[in-house]
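J.: Next input, structure requested:
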Amino acid sequence: MKASGSRRERGAYFTPQAVAEALANWAIKSRSEIVLDPSAGRGHLLAAAEKRLRDLGRKRNPLIWGVELHGRSFQKLVTSFRAWGISDKNALEGDFFSRVADLPKCDVALMNPPYVRHHDIPTATKDTMVNALNGTRGIVDGRASAWAYFLALIPELLKAGGRIAAVLPTDLLASDYGEPVLAYLQKVFSTVNLIYCDGDVFPALSQQTILLLADGRHKDDGRKADMKLRRVRYPVQGQDDFSITSKRNGKTFSAGDTLPRILAPKSALAIEARLMKRSDVKSIGDIAKVELGYVTGDNGFFHLSTADAKRFGLSDTHLTKALTRERDLLGVRFTAADWKRRMKEGARDWLLTPTNGQSRGVRNLLKRKAAEEAHNSHKCDIREPWWRVPLVDPPRALMVYMGSKARIVSNTARAQVSNSFFRLTTIKDLSPNDLAVASLTSVFRLSAGLNSRLLGGGLLKLELSDARRVLIATHSIRSRDIRRVDNLLRAGQWDDACQLADRLILERGLGWSKTFIDSVRLAASQIQ
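T.: Take a look at the predicted model:
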């Protein structure tokens, strides 16, 4: 985070008043409690805290502390402190992780920590954050966004019985690094409740929001709190009221559970449990090796069209056939004809793979300013030579892992696939075409939905570990049936292709009852 950076660079998205007041009203129980906001901004959360303390009978000198990095925001925070009758010394300017020693133990932490991804955090800042964690250092790994560091450290500033009320992105449940943070909170609080806000809390930010309510700070003594999640519709624009209290307990979940899994009806989870016991259903990881596609470090430089290659004088010996976009996948198979068609349309699906740096075309390309910029990117900077993208043999199949239509596609074009896809290699017992058709069945769609992470804007994503757990029905398909499914997909008839896959594999191939197939199909349709 940069003190002088833009709002995006600082991750500064200020808490709406209705949310701030709801959190303050939940977290602050008495007028004598000490309240801290470690990333206070202009003081939106602390304004709600000051109001709550007054409502509880605090007449003067509310026990409020705030830390803020950004200069102009800090000055507005100081102005607010003076208006509330709070000493200027309670407002600390600078990086929270550098000012921890200057803060008192508190009863309540109200926080909306910055949403800054790990690659946008300056190295020196990240070093300071890591060093401040001390005993909780192992809870946050190097890929974590800034908010995770705040959440890992803040319990250390709480008194016994203290509480956290925090505004967080759904990355808490959608990222691998969110899992150990949640597991830590589960060990040091008596109760941990999450509220999923089904609506745009931050319209300017493509990110869904979760409210964390953690109560009863205690020493890590082996106890683990039950964690529960409730779904709340966030008010539409123009409504001021927002309640986070409810008589409903919410759904119990475990650290590592995805949001779609937590929100799924019990009936869908019961169907999944039945599928996992069947001998004719396996996980993708049991059938194939699943890996991420190649990483260039700078797609704009390394991906070329045929016209680009001709302009730079590059021969085919320095180029490799590649697949970079899901939209190019029309059927259950990605064929050589599909790739050639896209290239004729101007697609940038040549991957630059120089055999050496001595040919004229390659030398000319490496002299361009774009080459210098690519060289300085992280992935390129750490490999030797920087312009050689590490490749292995093209995969026999690939998996689409983003969006609501995750699926497997046979790679008969033998194209290299970018990190927009997962590579499937070392496939056992089934052909790539069998896997491709099976990934259209309700079995795969249910399992992919339950194992997906919910990202900003409601986008679903399978991480590598998730993809390996996805279930698939195992049955060999006749060539003519593969063509039937392929033709439906190429005609844009997705639902018809999926229903045909169910009939061919689940009903005719494996002999499942129509009633059970319908129950799997219904369960798949109920996933977020």
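J.: which helices and strands sit right next to the helix or strand where residue 446 lies?
T.: Assigned by DSSP states H and E, residue 446 belongs to helix 442-451. Helix 442-451 sits against helix 259-263, helix 266-276, helix 464-469, strand 471-473, helix 514-525, with contacts defined as 3 or more CB pairs under 8 Å, 6 or more residues apart in numbering; DSSP states H and E. Quick note: C-beta positions are derived from backbone N, CA and C, even for glycine.
J.: can you tell which of the ones you listed is closest to residue 455?
T.: Set against residue 455 and scored by CB to CB, these come closest in helix 259-263, at 9.7 Å.
J.: Break this structure into its domains for me.
T.: Following automatic domain parsing, the chain resolves into domains at 7-257, 258-294+393-528, 296-390.
J.: How far does the longest one sit from its chain's centre?
T.: Distance, stretch centre to chain centre, for domain 7-257: 19 Å (CA atoms, centre = their mean, to the nearest Å).
J.: Export the domains of the chain to JSON lines and append columns for mean neighbour count and mean pLDDT.
T.: Formatted as JSON lines, the domains of the chain follow (neighbours: other CB atoms under 10 Å; pLDDT from 0 to 100):
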{"stretch": "domain 7-257", "mean neighbour count": "19", "mean pLDDT": "89"}
{"stretch": "domain 258-294+393-528", "mean neighbour count": "19", "mean pLDDT": "96"}
{"stretch": "domain 296-390", "mean neighbour count": "16", "mean pLDDT": "92"}
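J.: May I see the helices and strands packed on helix 442-451 arranged in TSV, with distance to residue 120 as well?
T.: Below are those laid out as TSV (distance: least, CB to CB, whole Å):
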stretch	distance to residue 120
helix 259-263	24
helix 266-276	37
helix 464-469	23
strand 471-473	36
helix 514-525	36
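J.: Minimum distance to residue 81: which of the ones you listed has it?
T.: Here helix 259-263 is closest among those (CB to CB), at 37.2 Å.
J.: so what does the closest one touch, helix or strand wise?
T.: helix 171-174, strand 227-233, strand 251-253, helix 442-451, strand 453-454.
J.: And for that helix, what's in contact with it?
T.: 170, 173-174, 196, 229, 231, 251, 253, 269, 449-454, 460, 527-528 (CB atoms under 8 Å, 6 or more residues apart in numbering).
J.: any idea how far the nearest residue to residue 330 once chain neighbours are set aside lies from residue 331?
T.: By the measure of CB to CB, 6 or more residues apart in numbering, the closest residue to residue 330 outside its immediate chain neighbours is residue 490, 4.8 Å from it. For residue 490, the distance to residue 331 equals 5 Å [CB to CB, to the nearest Å].
J.: same question, residue 432
T.: 13 Å.
J.: Over to residue 90?
T.: For residue 90 relative to residue 331 (CB to CB), the value is 64 Å.
J.: again with residue 132
T.: Separation of residue 132 from residue 331 (CB to CB) stands at 53 Å.
J.: repeat for residue 318
T.: From residue 318 to residue 331 the distance is 30 Å (CB to CB).
J.: ok, residue 439 touching residue 401?
T.: No - no contact is recorded between residue 439 and residue 401 when judged using CB atoms under 8 Å, the distance being 11.5 Å.
J.: Residue 380 versus residue 219, what's the distance?
T.: Using CB to CB, we find residue 219 at a distance of 47 Å from residue 380.
J.: With residue 174 as the reference, measure out to residue 256.
T.: Relative to residue 174, residue 256 is positioned 11 Å away (CB to CB).
J.: Let me fix that, I meant to ask about residue 400.
T.: 18 Å.
J.: Repeat that for residue 115.
T.: On the measure of CB to CB, residue 115 and residue 174 end up 13 Å apart.
J.: The strand or helix carrying residue 437: how far from the chain's middle?
T.: Element membership for residue 437 (DSSP H and E) is helix 432-438. Distance of helix 432-438 from the chain centroid (CA atoms, centre = their mean) equals 27 Å.
J.: go on, stretch 356-368?
T.: 38 Å.
J.: Quick one: end-to-end length of that stretch, please.
T.: Criterion CA to CA, to the nearest Å; first-to-last residue distance in stretch 356-368 is 17 Å.
J.: Also stretch 428-447?
T.: Its start and end residues considered, stretch 428-447 measures 20 Å (CA to CA).
J.: how about the nearest residue to residue 146, chain neighbours excluded?
T.: residue 116 (4.1 Å).
J.: tell me the SS of that neighbour?
T.: Assigned state for residue 116: coil (three-state reduction, DSSP: H, G, I helix; E, B strand; the rest coil).
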